[in-house]
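Student: all I have is the shape, not the residue letters:
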């Protein structure tokens, strides 16, 4: 068992195993170092203090052989499916003090510096996942090959409360240019969007893409051609000081506009990149060590470790039935051909690999749905993310129809029509007349009662909620809704489908708004209620900036659609009471179709609220109140969320508060740096002040009060 303890906690040690390989063409011997924790692919390779120490010892021994003239090149690779999935966050989260944190950074730099100063060409054969410290392992080598099926290459540290601390903040901007580097270090982590092999190679992070079938053999052959001089890899020139400083200044403006100093890690990373042009390698690595040591001891980092653990563990859903109960799904039907329906159709066809049929009332709507699918596929092919042959197969598997009978051979039928309960009930009643006795019915409702939809059916037990989020392909969460009569078979099928779609599924009770919409719409409702009571619109829109959420509230209203937001707010008010406030101003905005936000001033910046909506709220105000400042609005929002979380836990909407956090992280963009919603409410004192108790059990989130 490759587990030892450090500071009283277990480390799954990743060993560094060296062997000699004779290079083709008679150019000498390659020392091949394989990083392997000795476990199967379900236990990712990570790098903790003991693993780094072993890597250092192995590379030191190899360097001695280089000095003796025995070795012509050195390469590192990983066990199947992994180079390394980064530093061991469980170890980072338990570092007892700043001195220990500093040693962690220095240890990684010392190991990786051996690859840079080996004295012969060094190679990374990236055969699988390379994240964080795993990608930095590759970047500290002279050359990099990558298997074409690798889909997870990234430096996610700034999204986890850290910085690329083992060379990434220095090496990446010098390798691919400062503008692209900031995309790698700041933008992609914020979107949780890693690079695939071809994209990373086009960017310059990797040097050559090779077929995974014989990846190691081809990598060795390519390395031999580099050693012999047959292959020469050109490197770009360093950006000028003017370009470098201009890009950094623009990035700093974007950070101020988007996260407003709500968390330190992105700013520390930007400072490191800013200095990387003129700093020596030694100076830059020392600065990374200091930044890492500061951030490891921060609440942001501890919260991020908790959030990371939730997301990682989300692949094993709490409360899911035995997977053996799931029904096979060989053909999928979708009721409706609108935007959400088209997105769902494409996702199912692409990831389940089964035929999909969309049905709507007339051919014009069907044609629009199919056109939306084609447009999405065209975008994928034009950017190289899908081959022409794969696109052709995908388009061929999605059909459109106006004939309800087409659903007769579907194993799963999902309704994605307008959020009107009577309409959805009518759809289900029609479907029950044509589908097979074993077919599962699902609804994509975002807030309505699934039990009410199924109440008049002959077989309500076959109905389950599958709430996807927009955009369907990108959003990783599916709320799986268990209605009053949902059978274990239907529930298990819902979870099995979500897993095949590569989504994180959370079991939720059939309560209004489920988790994400109940809390998000409440948040938006409190914001507009503050405006109704006299708070200026722009003050209310700025109030949540200390949270560092993905977008300000009125931009979120614009994204979901003011009419949709109003509809859900009204529905929740009817179901749950006046905790969800009425907003005459919002009603008038929707009735008049008033623009809510203005275009962003630049790409990547938030959309500012349209000042014109102030007049709409002023003219429709029915009651007067006390205007609030930004801090007052934020306090109102957090107090309301705390109350609602208490109600949701009492109602059993989810099994644990951790499931609320998982939903808010994956479905609402609640930042890792906050640790989800409930640790933030605990840490800031709202839980005890409003509920009289902390929400999470002590120590669960490793975040002090």
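Tutor: Noted; the coordinates are in hand. For clarity, every value in this text was computed on a predicted model and none was experimentally measured. Numbers count the residues shown, from 1 in each chain.
Student: so what's the residue sitting nearest the centre point of the chain closest to, chain neighbours aside?
Tutor: Centrality entry for the chain: nearest residue to the mean C-alpha point is residue 192, 3.9 Å, by CA atoms, centre = their mean. The shortest distance from residue 192 to any non-neighbouring residue, by CB to CB, 6 or more residues apart in numbering, is to residue 159 (6.4 Å). Heads up, the C-betas are built off the backbone N, CA and C, glycines and all.
Student: try residue 102
Tutor: The spatially closest residue to residue 102, leaving aside those adjacent along the chain, is residue 293, at 4.1 Å (CB to CB, 6+ apart).
Student: and after the helix or strand harbouring the one you found, which helix or strand comes next?
Tutor: Per DSSP states H and E, residue 293 falls inside helix 281-296. Reading on from helix 281-296 to the C-terminus, the next helix or strand found by DSSP H and E is helix 299-313.
Student: ok, residues contacting that following helix?
Tutor: Identification of contacts with helix 299-313 by CB atoms under 8 Å, 6 or more residues apart in numbering yields 89-90, 92-93, 159-162, 263-265, 295, 504, 658, 661-662, 665-666, 671-676, 679-680, 683, 700-704.
Student: and the angle for that helix with helix 281-296?
Tutor: 80 degrees (axes from the mean of the first three to the mean of the last three CA atoms, to 10 degrees).
Student: give me the sheet partners of the next helix or strand after helix 299-313 and which way each runs.
Tutor: Going down the chain from helix 299-313, the next helix or strand is strand 332-335, by DSSP H and E. According to DSSP bridges, strand 332-335 forms sheet pairs with strand 356-359 (parallel), strand 412-415 (parallel).
Student: same question for strand 332-335, mean pLDDT?
Tutor: Averaging pLDDT along strand 332-335 gives 98.
Student: contact partners of the helix or strand following it?
Tutor: Per DSSP H and E, the first helix or strand lying C-terminal to strand 332-335 is helix 339-351. With contacts defined as CB under 8 Å, 6+ apart, helix 339-351 is touched by 332, 334-335, 354-356, 358, 360, 369-370, 372-373, 376-377, 394, 397-398, 414, 416, 444, 468, 470-473, 500-502.
Student: and if you look at stretch 578-590?
Tutor: Counting by CB under 8 Å, 6+ apart, stretch 578-590 makes contact with 521-522, 525-526, 528-529, 531-532, 562-563, 565-566, 569-570, 572-573, 594, 596, 613, 616-617, 619-622, 640, 643-644, all of which sit outside it.
Student: 7 Å instead, please
Tutor: If you take CB atoms under 7 Å, 6 or more residues apart in numbering as the criterion, stretch 578-590 is touched by 522, 525, 528-529, 531-532, 562-563, 566, 569, 572-573, 596, 613, 616-617, 620-622, 640, 643-644.
Student: in helices, which of the residues you listed fall?
Tutor: Secondary structure from DSSP state H places 522, 525, 528-529, 531-532, 562-563, 566, 569, 572-573, 613, 616-617, 620, 640, 643-644 of those in helices.
Student: hmm, back to that, who's in contact with the residue nearest to residue 192?
Tutor: Taking CB under 7 Å, 6+ apart, one finds 189-190, 192, 672 in contact with residue 159.
Student: how about the secondary structure of it?
Tutor: helix (DSSP: H, G, I helix; E, B strand; the rest coil).
Student: measure it to residue 265 for me?
Tutor: Taking CB to CB, to the nearest Å as the measure, residue 159 falls 8 Å from residue 265.
Student: for residue 308, grab the count of nearby residues.
Tutor: Here the count is done by other CB atoms under 10 Å, and residue 308 has 20 residues near it.
Student: how close does it get to residue 157?
Tutor: According to CB to CB, residue 308 stands 11 Å off from residue 157.
Student: kindly report the same for residue 564.
Tutor: 35 Å.
Student: same check on residue 252?
Tutor: Distance, residue 252 to residue 157, by CB to CB: 18 Å.
Student: now residue 121
Tutor: Going from residue 121 to residue 157 by CB to CB gives 28 Å.
Student: try residue 504
Tutor: Distance, residue 504 to residue 157, using CB to CB: 22 Å.
Student: between those two, who's got more neighbours?
Tutor: Neighbours were counted for residue 504 and for residue 157 using other CB under 10 Å; residue 157 has more, 29 against 23.
Student: so what's the more buried one up against?
Tutor: By CB under 7 Å, 6+ apart, the contact set of residue 157 is 132, 163-165, 189.
Student: ok, now residue 527?
Tutor: 540, 553, 633, 637.
Student: one more time with 10 Å, if that's ok
Tutor: Residue 527 sits next to 535, 537, 540-541, 543-544, 552-554, 556-557, 581, 583, 633-634, 636-637 when contact means CB atoms under 10 Å, 6 or more residues apart in numbering.
Student: same thing with residue 173?
Tutor: Counted by CB under 10 Å, 6+ apart, residue 173 has contacts 179-182, 184-185, 238-239, 244, 247-248, 272-274, 276-277.
Student: same question for residue 523.
Tutor: The contact partners of residue 523, by CB under 10 Å, 6+ apart, come to 544, 547, 549, 553, 556, 637-638, 640-641, 644, 668.
Student: what about burial for the ones in helices among the contacts of stretch 578-590, which qualify?
Tutor: The neighbour count (16 or more other CB atoms under 10 Å) marks 522, 525, 528-529, 531-532, 562, 566, 569, 572-573, 613, 616-617, 620, 640, 644 as buried among these.
Student: need the contacts of residue 157 in TSV with neighbour count, pLDDT and secondary structure, can you?
Tutor: Putting the contacts of residue 157 into TSV (neighbours: other CB atoms under 10 Å; pLDDT from 0 to 100; DSSP: H, G, I helix; E, B strand; the rest coil) gives the following:
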residue	neighbour count	pLDDT	secondary structure
132	25	95	coil
163	29	95	coil
164	29	96	coil
165	33	93	coil
189	25	90	helix
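Student: which one of these is nearest residue 315?
Tutor: Nearest to residue 315 out of the contacts of residue 157 is residue 132 (CB to CB; 19.0 Å).
Student: can I assume the closest one is in contact with residue 47?
Tutor: Yes. Counting by CB atoms under 10 Å, residue 132 does reach residue 47; the two are 8.6 Å apart.
Student: and for these two, which residues touch both?
Tutor: Jointly contacting residue 132 and residue 47 under the rule CB under 10 Å, 6+ apart are 84-87, 166.
Student: distance of residue 179 relative to residue 186?
Tutor: Counting by CB to CB, the gap from residue 179 to residue 186 is 11 Å.
Student: so these two - more neighbours on which side?
Tutor: The residue with more neighbours, out of residue 179 and residue 186, is residue 186; 24 against 16, by other CB under 10 Å.
Student: to the chain's geometric centre, what's the distance from stretch 478-490?
Tutor: In terms of CA atoms, centre = their mean, to the nearest Å, the centre of stretch 478-490 is set 25 Å apart from its chain centre.
Student: what comes up buried for that stretch?
Tutor: Using 16+ other CB under 10 Å as the test for burial, stretch 478-490 gives 478-483, 485-487, 489-490.
Student: which of the contacts of helix 339-351 count as buried?
Tutor: Those of the contacts of helix 339-351 that meet the buried threshold are 332, 334-335, 354-356, 358, 360, 369-370, 372-373, 376-377, 394, 397-398, 414, 416, 444, 468, 472-473, 501, by 16+ other CB under 10 Å.
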